[in-house]
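Novice: sequence first, predicted model second:
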Amino acid sequence: MKQAGEKITCLTAYDASFSSLIDKAGVDAILVGDSLGMVIQGQASTLPVTINDMIYHTRCVSQAKQRAVVIADLPFMSYSTPVIAAKNAAKLIQLGGAQMIKLEGARLETVRFLVEQGIPVCGHLGLLPQLINQLGSYQVQGKTVADAQRILSEAHQLQDAGASLLVLECVPAALAKDISEQLSIPVIGIGAGVHCDGQVLVLYDMLNISISNRPRFSKNFMENSASIEDAIIAYHQAVKQSLFPSTEHSF
Ligand code: KIV
């Protein structure tokens, strides 16, 4: 799709009913994100989410979809070594039905090891929510020249380590554009501007049903939609046509 210039659409889901709706709407990929800690469990961060939580929700999602690719997050501290990562990724695949796993940061040795075991890996750079206790707050990353260069270099390193996909979260649109143009693997943005190869949003944010305030980079797709199905289709079409995100949803 990247080579053909077709934007890739992705939404998070955590249960069978939403998984089926998203799948039927034609969305390309479903991310079972550890954001479930916040939107499903009501936690203050993603840190309390366990591998068993992820297996349970991944299974709910994968059982209900027909065609969308299911990507599942490795949660906090479930990939502290390559072998631990492989054991937990195997659980997400064998018990949860995930087709690809996502992990945060430039964990190059771990990515290489997972890929060697035949596990497709999605990297995640920019804002890394699992580092919230080091970061202090959820802020845009890559604003200084040095930070932008570090993220660009890590993106290349993840691709070289064998990652098949990269999520870029909350980075300036210009940086995301450079990374998307330079990498051959698809780059999926969230708060990363319109020039990424695709977009992902947290489902509950774009349906405007999250407990917390909707982040600036998200959009309430229920506003002009008669149903949840319509809102998901509106998102899918807006991404395919590069109408979302606009500058008001970008940094
Ligand atoms: O957990 C999640 O939902 C994510 C997205 C924000 C990309 O990682």
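Specialist: Yep, that arrived.
Novice: quick one, strands of the stretch 51-200 of the chain?
Specialist: Under the criterion DSSP state E, counting those that start in this stretch, the stretch 51-200 of the chain carries strands at the ranges 69-73, 100-104, 121-126, 165-169, 187-190, 198-201.
Novice: would you mind finding the most buried of those strands?
Specialist: Highest mean neighbour count among these (mean count of other CB atoms under 10 Å): strand 187-190, with a mean of 28. Every C-beta, even on glycine, is put in place using the N, C-alpha and C of the backbone.
Novice: and that one, which strands flank it?
Specialist: strand 165-169 (parallel), strand 198-201 (parallel) (DSSP bridges).
Novice: and the contacts of that strand?
Specialist: 8, 10, 29, 122, 155, 165-170, 176, 179-180, 195-202, 217, 245 (CB atoms under 8 Å, 6 or more residues apart in numbering).
Novice: so is it next to the ligand?
Specialist: Yes - for strand 187-190 and the ligand, the contact criterion (CB under 6 Å from any ligand atom) is met by I190.
Novice: local confidence estimate at S212?
Specialist: The model reports S212 with a pLDDT of 89.
Novice: could you say which helix or strand holds the nearest residue to it once chain neighbours are set aside?
Specialist: Take S212 and drop its neighbours on the chain: the residue closest to it by CB to CB, 6 or more residues apart in numbering is M38, 6.8 Å away. Assigned by DSSP states H and E, M38 belongs to helix 36-39.
Novice: can you give me the helices in this structure?
Specialist: Using DSSP state H, the helices of the chain run over 16-24, 36-39, 51-64, 82-94, 108-116, 132-135, 145-161, 173-182, 203-206, 228-240.
Novice: state the mean pLDDT of the second one.
Specialist: Same thing as helix 36-39. 98.
Novice: what's it in contact with?
Specialist: 12, 14, 43-49, 53-54, 57, 75, 202-205, 210-212.
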